[in-house]
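Student: Sharing a model that was predicted from the sequence below.
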Amino acid sequence: MTAPRSTEFPTPPMKQTKSMRIFAEAAESLGLHPYISASANLSETYTNPDGKTINQCMYCSFCERFGCDYQAKSDPLITVIPTALETGNFEIRTHSNVREIAYDGNQSDGVYFTDTRTGEDYFQPADIVILTSYVMNNTRLLLQSGIGDPYDPESETGVIGKNYCYQVMASAQGFFDEQFNLYAGAGALGGQVDDYNADNFDHSDLDFLHGGTIQHTNTGIRPIATNPVPPGTPTWGKEFKEASAHYFYRTLSLGSQGASLPYRYNYLDLDPTYTDSHGDPLLRMTYNFTEQDRNLAAHQSARLTEILEEMGANEVVSNPDIGDYNIMPYQTTHNTGGVIMGADSETSAVNNYLQMWDCENLFVVGASAFPHNSGYNPTPTVGALSYRAAEGILSYLEDPRPLAE
């Protein structure tokens, strides 16, 4: 069960590993509809429409969050940035920390930035300013620059910092007798089911909205960070070492990436106390999981357990209670919201071209525009919105005006 596509992907799916096949067979036996996940790791050498070649994936180790020696990832470093540089109209200024967007109450005429190597301050004039500095810094720079009204959770007025959303994650591990080659892999290599995502399943007896994808990935396990052992195993000593060595290649994990819905008291603002090295206020996040989130995670955790048991795991460990949010340890970078898109300036910060309502020559691009977060990674939608914003920017250059009233 996958969403319909208007066109086919330009390259075939990646290879299916043994554990991916077992996952797919178990899902099918449970009446689900598994498929190989879409991937920006290339299954074969591909030249994109801009003439940039991405090489075929070698399925080597240490792929997950790292650079690619083979240039087999659709990375901006080998696609978008070289294409932009070739136009002669694009310049990268490294070590440049933009600290404020110039704003006269209607428009911007540039940005102020500091060279972090020398401490010198500069002003860069501009006819159009495009803010693409990720969810957190998009929000922070607008607040620092006094553009848009800051969100107030008590009065529920203002828009900048509103609707900060995350993702509701659930996971489970299965311990097997069989050994798998988990060292090789690719960052996006895996299989998934969407049967419990969005409205693809019956919610009539459930106490949450939306849902999430369920995935089994072969990303290439890391030897230090990967140390799965069954419950009851000592956390140090000879028995721990033996169990670690035994289960290193005998543990399969499933994960669910669930939707995150906006909540009145989940928001971003400027910290009243703490500042960075330049004396500018840091961004403050106020966030915790809601009852909706906890119920969704518990449901997905039960589904993960069912699939792992069907896959033949001797023992399954899951945690249906996600508790309270804690930034440690690292969880995911799929943050959204803070500069949300909408139909009017009272309830949103940007229009559907990602043009600021309060500053017509400022476009704010990124997942900061999402009013909530879905059961998928934000990145493909961010790409689509970037094309939409580019269309609006070109239109604005021809006829400077608010593009959506």
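Tutor: Yep, that arrived.
Student: Against Arg284, how distant is the residue lying farthest from the centre of the chain?
Tutor: Ranked by distance from the centre of the chain (CA atoms, centre = their mean), the top residue is Lys238, with 39.1 Å. According to CB to CB, to the nearest Å, Lys238 stands 46 Å off from Arg284. For every residue, glycine as well, the C-beta is placed using N, CA and C.
Student: what does Gly237 give?
Tutor: To Arg284, Gly237 is 42 Å away according to CB to CB.
Student: quick one: which of these two has more around it?
Tutor: The neighbour comparison of Gly237 against Arg284 (other CB atoms under 10 Å) goes to Arg284, with 15 against 9.
Student: What are the neighbouring residues in contact with Val317?
Tutor: 172-173, 175, 230-231 (CB atoms under 8 Å, 6 or more residues apart in numbering).
Student: And for Tyr330, the neighbour number?
Tutor: Neighbours of Tyr330 under the rule other CB under 10 Å: 7.
Student: now the residue sitting nearest the centre point of the chain, what's its secondary structure?
Tutor: With distances taken as CA atoms, centre = their mean, the chain has His334 as the residue nearest its mean C-alpha position (2.7 Å). Secondary structure, DSSP: H, G, I helix; E, B strand; the rest coil: His334 is coil.
Student: Correct me if wrong: it contacts Tyr166.
Tutor: Yes - judged on CB atoms under 8 Å, His334 makes contact with Tyr166 at a distance of 7.3 Å.
Student: Which element, helix or strand, includes Ser244?
Tutor: Using DSSP states H and E, Ser244 sits within helix 238-247.
Student: now for whichever helix or strand comes after that helix, which elements pack on it?
Tutor: Using DSSP H and E, the next helix or strand after helix 238-247 towards the C-terminus is strand 251-258. On a contact count with 3 or more CB pairs under 8 Å, 6 or more residues apart in numbering; DSSP states H and E, strand 251-258 meets helix 18-29, strand 168-175, strand 212-217, helix 291-311.
Student: Residues contacting whichever helix or strand comes after strand 251-258, please?
Tutor: Next in sequence after strand 251-258, counting helices and strands by DSSP H and E, comes strand 267-275. Outside of strand 267-275, the residues within contact range by CB under 8 Å, 6+ apart are 136, 139-140, 143-144, 150-151, 153, 161-164, 281-287, 337-338.
Student: what are the pairing partners of strand 267-275, and which direction each?
Tutor: Strands adjacent to strand 267-275 in the sheet, as given by DSSP bridges, are strand 281-286 (antiparallel).
Student: where along the stretch 301-405 of the chain do the strands fall?
Tutor: For the stretch 301-405 of the chain, applying DSSP state E, counting those that start in this stretch gives strands covering 315-318, 336-338, 362-364.
Student: Mind listing what's buried along the longest one?
Tutor: It stands for strand 315-318. 316-318 (16 or more other CB atoms under 10 Å).
Student: is it possible to export these to CSV including distance to Ser277?
Tutor: Output for the buried residues of strand 315-318, formatted as CSV (distance: CB to CB, whole Å):
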residue, distance to Ser277
Val316, 47
Val317, 42
Ser318, 42
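Student: Distance check, the residue lying closest to Glu239 once chain neighbours are set aside against Ala243.
Tutor: Of all residues not flanking Glu239 in the chain, Thr233 sits nearest, at 6.5 Å (CB to CB, 6 or more residues apart in numbering). Relative to Ala243, Thr233 is positioned 5 Å away (CB to CB).
Student: More neighbours: which of those two?
Tutor: Just comparing Thr233 and Ala243: by other CB under 10 Å the higher neighbour count belongs to Ala243, 18 against 14.
Student: gap between that one and Arg250?
Tutor: Distance from Ala243 to Arg250, by CB to CB: 10 Å.
Student: that older thread, let's have the contacts of Val317 in a markdown table, adding neighbour count, pLDDT and distance to Ser37.
Tutor: Converted to a markdown table, these look like this (neighbours: other CB atoms under 10 Å; pLDDT from 0 to 100; distance: CB to CB, whole Å):
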| residue | neighbour count | pLDDT | distance to Ser37 |
| --- | --- | --- | --- |
| Ala172 | 26 | 97 | 18 |
| Gln173 | 21 | 97 | 19 |
| Phe175 | 20 | 98 | 24 |
| Pro230 | 14 | 95 | 28 |
| Pro231 | 7 | 94 | 29 |
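Student: Mind checking which of the contacts of strand 267-275 are buried?
Tutor: Among these, those buried by neighbour count (16+ other CB under 10 Å) are 136, 139-140, 143-144, 150-151, 153, 161-164, 281, 283, 285, 287, 337-338.
Student: circling back: show me the common contact partners of His334 and Tyr166, please.
Tutor: Contact criterion CB under 8 Å, 6+ apart; residues shared by His334 and Tyr166: Asn373.
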